[in-house]
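Participant: Structure here, sequence nowhere to be found:
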């Protein structure tokens, strides 16, 4: 079945550091990938839609200069949390589908980001 | 804006019981509805996908139904096992994916 790999699974770093998270579709091509954020005991909130070869679409309230998204190929999207602060600590998850939003979405295992 | 609600928020049952998880959504204009399982600190595992034209899907001990007109879906788990303990999320897809609030299930041995 379709596999989405997310790396790293856990990051602990100092405040002010920039952190890059990778999301790869291993056995299919994805023109669109999605980035979510999840706070403890809450559901997933869509942050942005990553489009291959073009700019990402950000949800209202998400700072695009803070959360940089690059979708350079049909199998890789990256999310960079720039100058991270403790309030950016969260669980970040990506998803991708081989046929877009109206087909099954496959999720990465998530990245737990802890900013000290 | 689409709103997805899950009831109950938490559920604890003894092993072997059959149980039903509920999901409701406010906008019936959806492509599909998907049920996921999330274990603590982990990503999401897709359980069942129901297209908007379908009424139900079954996989093993799981059965999901969809009533698009009333904005409701149920996930039925038969003969629950301790390994079923997890958070269950439903999500509907329109122009984006909208997740429900989740139901935390504990199956007691």
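Facilitator: Noted; the coordinates are in hand. In this text the structure is predicted, and so the values were computed from the model without any measurement.
Participant: can you list the residues of chain A near chain B?
Facilitator: For chain A, the residues in contact with chain B (CB under 8 Å from any CB of the partner chain) are A:6, A:34, A:36, A:42-46, A:49, A:91, A:93, A:95, A:101-110, A:112. C-beta: built from backbone N, CA, C; applies to glycine.
Participant: okay, now the closest residue to residue A:26 other than its chain neighbours: neighbour count?
Facilitator: Computed as CB to CB, 6 or more residues apart in numbering or on different chains, the closest residue to residue A:26 that is not its neighbour in sequence is residue A:3, at 4.3 Å. Residues near residue A:3, counting by other CB atoms under 10 Å in any protein chain shown, number 12.
Participant: what's residue A:3 in contact with, if anything?
Facilitator: Residues in contact with residue A:3, defined by CB atoms under 8 Å, 6 or more residues apart in numbering or on different chains, are A:25, A:26, A:27, A:106.
Participant: among the residues you listed, which ones are buried?
Facilitator: Listed as buried from the contacts of residue A:3 are A:25, A:106; burial here means 16 or more other CB atoms under 10 Å in any protein chain shown.
Participant: Which helix or strand lies directly C-terminal to the helix or strand where residue A:33 lies?
Facilitator: Element membership for residue A:33 (DSSP states H and E) is strand A:32-38. Using DSSP H and E, the helix or strand that directly follows strand A:32-38 along the chain is strand A:44-51.
Participant: got the buried residues for that next one?
Facilitator: By neighbour count with 16+ other CB under 10 Å, strand A:44-51 contains the buried residues A:44, A:46, A:47, A:48, A:49, A:50.
Participant: elements contacting whatever helix or strand comes next after it?
Facilitator: Per DSSP H and E, the first helix or strand lying C-terminal to strand A:44-51 is strand A:57-58. Strand A:57-58 sits against strand A:44-51, with contacts defined as 3 or more CB pairs under 8 Å, 6 or more residues apart in numbering or on different chains; DSSP states H and E.
Participant: Which residue lies nearest the spatial centre of chain A?
Facilitator: Centroid check for chain A by CA atoms, centre = their mean gives residue A:35 as the closest residue, at 3.7 Å.
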